[in-house]
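J.: Have a look at this prediction, sequence included:
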Amino acid sequence: MTFLSPLLIWGALLGAIPIIIHLLNRRRFRRVEWAPMKYLKLTVQRNRRRIQLEELLLLLLRVALPVLLFLALARPVLSPTGLERWVGGGGRSSEVVLIDDSLSMGYAGEDGPAFQKALQVAGALLGATPARDRCTVATASSPNAPVIHDVEASRREELAAAVSGVTQSATHAAWPAVLAGVDDVLKSCTYPTRRLTIVTDLRRAGWDADVAEMARRWADEEVVVRVVDVGSEATSNVAIESLVPLERTILAGAPSAWEAVIRNDSPRALAGAKAVLRVDDKPTEVTLPEIRPGETVRAPLSVAFAGAGPREFSLQLADDELPADSRRWAAVAVKDSLLIRLVDGEPSTEPFASEVDFLAAPLSIGVGAAEAWRVEVLTDHDDFASPRLETPDVLVLANVAAPTPEQADRLRRLVREGMGLMIFPGARTDLGLYNDLFFAADAPLLPFPFKATSDQAFRGLAIEPARPSPLERLLELKASAFERVPVRWIATVDEAAGISGDKADDVRTLARWNDPDRSPAVAERVVGDGRVLLWTTTADRAGNDWPVEPSFVMAIREAVKGASRATSAANTVTAGEPIRRVVHSSHEVTGAQLTPPEGGEPVSLPAVPQPDDPTDAEGPSARIDVADTRRAGAYRLSWEEGPLGTREDVFAANPDPRESRLERIAPGEVRKLMAPLDVDVVEARGVESLGPVGREIWRDLAAALLVLLVAEAAFAAWASRSR
């Protein structure tokens, strides 16, 4: 129980007046013994106990009357929130209010969004803090950079403006990190008595046993920690968890395949639901597959960009209780073309007599509306790995006899950086040298080492059901399309050597021959950001007749797409993660500006020149950092690059998917995690001011007072007559 007018409780002391009067009345008379008294004493003794009981009851009634009167005037409340007892006690103190501004705070229950209630509670607490104290306001998204720090509580308007200026973010509240950040703020407070109030929705995501470390320290330092729960018990939600590209390279003018991972945590099935796909701000309606309650689905998307360069797109569901996680963005650097360099180890002037002719033909076909594949042919006599040449997206070695160690070292570096490498052996290939150069124990490129060659004739191959795989599209073809392929020559490999050791998880067999040993036909190794595909037969018809089959065209094109340099995903981050753009240029980089999401005002940023790095082949560079990405959406960056003019890039910050999991954590569990710190957890649903919320009982007390008045008058009259 608490009181809305606690000072009036002192009036209950007036209940002592009847007792004082009673005691004084006992001292008003002087006893005088006279003869008839002994007869009166005999009469009085018979009624003494009854009279004393009546007097005691009458006294209690008269004491209760002023006590009840002033209790009613003090307006007692049953089941209050408990917030009011946090204000105004003790000497001077430093009050720190930590507002949870994470994404889940936007969940709108029956009482509205939790974030709005959090601002109301924070404002009420600061508004009722004694003027002698100092106040600090911080947020969970940036706990060590308070909104306002160590301000006198008497500056009410400044504190109210600070609270109202807090905006919600799309970040995740990882409470061990949040508490560690706010610890720096507590250390810098003026007064040694420090009180931290955390206003949050008590979602389980982010709370774990690691908070105990900070709790133990605060317990030793006697920091008072309180938690106000403004969350809703409801957890119904539909969220887009991610946008996943299904192709390594995104080309201008060519449709690219994506998947939207959507989770339905609501009790209702989503049937025939629509989503809006915005590509460069052009909306298109997309029909989603049915999503049952509790189910996660992968919805296919086809995204086509009209031009090359930095591009972004988003997918948005219909708004629900938590609209902030119903939209997701992706930012990609779209290429205008794909450079495929074919190294011919056995060139010829005759049509389709060269080693790479059957490769160049299918790769020269355009992709969709774009003529985006550039095919470049060199011979093994050329320095195909020269740093003076443009770095290809895919390099193909076809029956190349003997690469040099320098070429092998450069290929190894380029593959780690993302270039795709495809190897076709042949009669001129020195298999032992390839093992020495490309299957080094510390940095292998080959999936498996070569063993020998086999000229035993057989027919066909089978595609392995590995997903995802550069050849998985071939599984859509009938098996008969591969079974009839005549094979006359293959290079056998030591499969056991490739699937053992530390690098075994990076190796897969994608297709097998139909020979008695089921030898690998195509194998893959992942090296850094790149892919190496080893084909164990020739690229021409010297070793097999696959090149004249229609399935070969599809196989080569899919392999190149699956092995090519991937479109970087570095421009898509999770909200709260910093963005860094390194501009490589021999010109001075100036005038960097950032346009935040939803048409915010542009912000100027510094372009910091980087120290010269002799190992950096791209030359001088400048760094532009975007530190604050707490809002979700597209961030557009521009800068001036000397005579090259204005350059641009686009980034996307997405809601943290952990915030979409809305399971609640019980107050008792929070107290247990924070042990040995004694944490007070109270609910504050519907609180708009510091006044306690509960059932006032002054009307009940007033009715009881009226009953007592009548009872006292009746009992007094009856007791006086009975005497």
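T.: Received it, and whenever you're ready, just let me know what you need. It should be emphasised that the depicted structure is a prediction, and the values quoted were computed from it without experimental measurement.
J.: going forward, measure contacts and count neighbours with C-alpha atoms only.
T.: Will do.
J.: what is the rounded mean pLDDT of the helix or strand harbouring R531?
T.: R531 belongs to strand 530-535 when elements are defined using DSSP states H and E. Average pLDDT, strand 530-535: 96.
J.: which other residues reach that strand?
T.: 414-425, 445-447, 521-526, 559, 563-566 (CA atoms under 8 Å, 6 or more residues apart in numbering).
J.: So which of those are in helices?
T.: Counting by DSSP state H, these place 414-416, 559, 563 in helices.
J.: what about stretch 130-141, start to end distance?
T.: With CA to CA, to the nearest Å as the measure, the first residue of stretch 130-141 is 28 Å from its last.
J.: Run the chain-centre distance for that stretch.
T.: 27 Å (CA atoms, centre = their mean, to the nearest Å).
J.: In the stretch 1-150 of the chain, mark out all the strands, start to finish.
T.: Shown for the stretch 1-150 of the chain, the strands assigned by DSSP state E, counting those that start in this stretch span residues 2-3, 76-78, 94-99, 108-109, 112-113, 134-139, 148-152.
J.: and of those, who's closest to G432?
T.: Closest to G432 of the strands of the stretch 1-150 of the chain, according to CA to CA: strand 134-139, at 62.4 Å.
J.: where exactly do the helices run in the stretch 601-723 of the chain?
T.: Assigned by DSSP state H, counting those that start in this stretch, the stretch 601-723 of the chain shows helices spanning 667-673, 698-722.
J.: okay, these, which one's buried deepest?
T.: With neighbours taken as mean count of other CA atoms under 10 Å, the helices of the stretch 601-723 of the chain reach their highest mean count in helix 667-673, at a mean of 16.
J.: what about that one, average pLDDT?
T.: 94.
J.: what's the answer for stretch 377-390, then?
T.: Rounded mean pLDDT across stretch 377-390 is 89.
J.: who touches it?
T.: 341-347, 400-401, 403, 407, 410-411.
J.: give me that answer again for 7 Å
T.: 341-345, 347, 400, 407, 410-411 (CA atoms under 7 Å, 6 or more residues apart in numbering).
J.: So which of the contacts of strand 530-535 belong to strands?
T.: Secondary structure assignment (DSSP state E) places 420-424, 521-526 from the contacts of strand 530-535 within strands.
J.: Regarding E157, what is its secondary structure?
T.: helix (DSSP: H, G, I helix; E, B strand; the rest coil).
J.: Same question for the one 3 residues further on.
T.: The three-state label given to A160 by three-state DSSP is helix.
J.: got any ranges where the stretch 601-723 of the chain has weak pLDDT?
T.: 614-617, 685-696, 698, 720-723 (pLDDT under 70).
J.: from what I can see R132 touches E95, true?
T.: No - between R132 and E95 no contact is recorded; they are 10.9 Å apart, counting by CA atoms under 7 Å.
J.: ok, the strand holding R531: who's next to it in the sheet?
T.: strand 420-424 (parallel), strand 520-527 (antiparallel) (DSSP bridges).
J.: what comes up buried for that strand?
T.: Buried residues in strand 530-535, counted by 16 or more other CA atoms under 10 Å: 530-535.
J.: now the contacts of stretch 377-390 in a markdown table, with secondary structure and pLDDT?
T.: Shown next, in a markdown table, are those (DSSP: H, G, I helix; E, B strand; the rest coil; pLDDT from 0 to 100):
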| residue | secondary structure | pLDDT |
| --- | --- | --- |
| R341 | strand | 95 |
| L342 | strand | 96 |
| V343 | strand | 95 |
| D344 | strand | 94 |
| G345 | coil | 93 |
| P347 | coil | 91 |
| V400 | coil | 94 |
| Q407 | helix | 93 |
| R410 | helix | 93 |
| L411 | helix | 94 |
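J.: quick one: contacts for P425?
T.: Shown in contact with P425 (CA under 7 Å, 6+ apart): 398-399, 536-538.
J.: For D208, see how far away the nearest residue to it once chain neighbours are set aside is.
T.: Nearest residue to P425, sequence neighbours excluded (CA to CA, 6 or more residues apart in numbering): N399, at 4.8 Å. Note on N399: its distance to D208, by CA to CA, is 57 Å.
J.: Of the two, which one has the most company?
T.: Comparing N399 with D208 by neighbour count (other CA atoms under 10 Å), the higher total belongs to N399, at 26 against 15.
J.: ok, that one touching D430?
T.: No - N399 lies out of contact with D430 (CA under 7 Å); the separation is 9.1 Å.
J.: Looking at the buried residues of strand 530-535, which is nearest L677?
T.: L677 lies nearest to G530 out of the buried residues of strand 530-535, by CA to CA, at 50.3 Å.
J.: For beta bridges, what are the partners of that closest one?
T.: Under DSSP bridges, the beta-bridge partners of G530 are V527.
J.: returning to that earlier point: more neighbours: which of R132 and E95?
T.: Neighbour count, other CA under 10 Å: between R132 and E95, E95 has more, with 29 against 14.
J.: who's that one bridged to?
T.: Beta-bridge partners, per DSSP bridges, of E95: C135, R195.
J.: May I have the distance across stretch 284-302, first residue to last?
T.: Using CA to CA, the two ends of stretch 284-302 sit 11 Å apart.
J.: neighbouring contacts of that stretch?
T.: 255-278.
J.: repeat for stretch 604-618
T.: 584, 589-590, 592-594, 620-624.
J.: and L445, what does it touch?
T.: L445 sits in contact with 412, 438-439, 525, 527, 532, where contact means CA under 7 Å, 6+ apart.
J.: could you dump these to CSV with distance to L389?
T.: Formatted as CSV, these follow (distance: CA to CA, whole Å):
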residue, distance to L389
R412, 16
F438, 22
F439, 25
R525, 25
V527, 22
V532, 20
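J.: those helices in this protein, which residues are they?
T.: 17-26, 37-73, 114-127, 156-164, 175-187, 211-221, 357-363, 405-416, 431-438, 480-483, 495-498, 550-563, 667-673, 698-722.
J.: Pick the most buried one from the ones you listed.
T.: helix 114-127 (a mean of 24).
J.: Now the residue nearest to P425: phi and psi?
T.: Backbone torsions of N399, given as degrees, to the nearest 10, read phi 60, psi 40.
J.: ok, so what distance separates it from F424?
T.: Taking CA to CA, one finds N399 at 6 Å from F424.
J.: now swap in E683 and tell me
T.: Note on E683: its distance to F424, by CA to CA, is 69 Å.
J.: what about those two, which has more around it?
T.: More neighbours surround F424 than the other of E683 and F424, with 23 against 19 (other CA under 10 Å).
J.: Surely the more buried one and V400 touch.
T.: No - at 8.2 Å, F424 does not count as touching V400 under the criterion of CA under 7 Å.
J.: what residue ranges in the stretch 201-350 of the chain score low on pLDDT?
T.: In the stretch 201-350 of the chain, no residues with pLDDT under 70.
J.: same thing but 90
T.: 246-249, 251-255, 272, 280-281, 306-308, 335-338, 348-350 (pLDDT under 90).
J.: what about the strands in it?
T.: Going by DSSP E, counting those that start in this stretch, the stretch 201-350 of the chain shows strands at 224-229, 238-245, 256-264, 274-279, 282-287, 296-303, 309-316, 327-334, 338-344.
J.: Let me have these in JSON lines, adding mean neighbour count and distance to M105 as columns.
T.: Shown next, in JSON lines, are the strands of the stretch 201-350 of the chain (neighbours: other CA atoms under 10 Å; distance: least, CA to CA, whole Å):
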{"stretch": "strand 224-229", "mean neighbour count": "21", "distance to M105": "11"}
{"stretch": "strand 238-245", "mean neighbour count": "22", "distance to M105": "15"}
{"stretch": "strand 256-264", "mean neighbour count": "18", "distance to M105": "19"}
{"stretch": "strand 274-279", "mean neighbour count": "18", "distance to M105": "24"}
{"stretch": "strand 282-287", "mean neighbour count": "13", "distance to M105": "28"}
{"stretch": "strand 296-303", "mean neighbour count": "18", "distance to M105": "23"}
{"stretch": "strand 309-316", "mean neighbour count": "21", "distance to M105": "20"}
{"stretch": "strand 327-334", "mean neighbour count": "24", "distance to M105": "16"}
{"stretch": "strand 338-344", "mean neighbour count": "23", "distance to M105": "44"}
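J.: Good, wrapping up.
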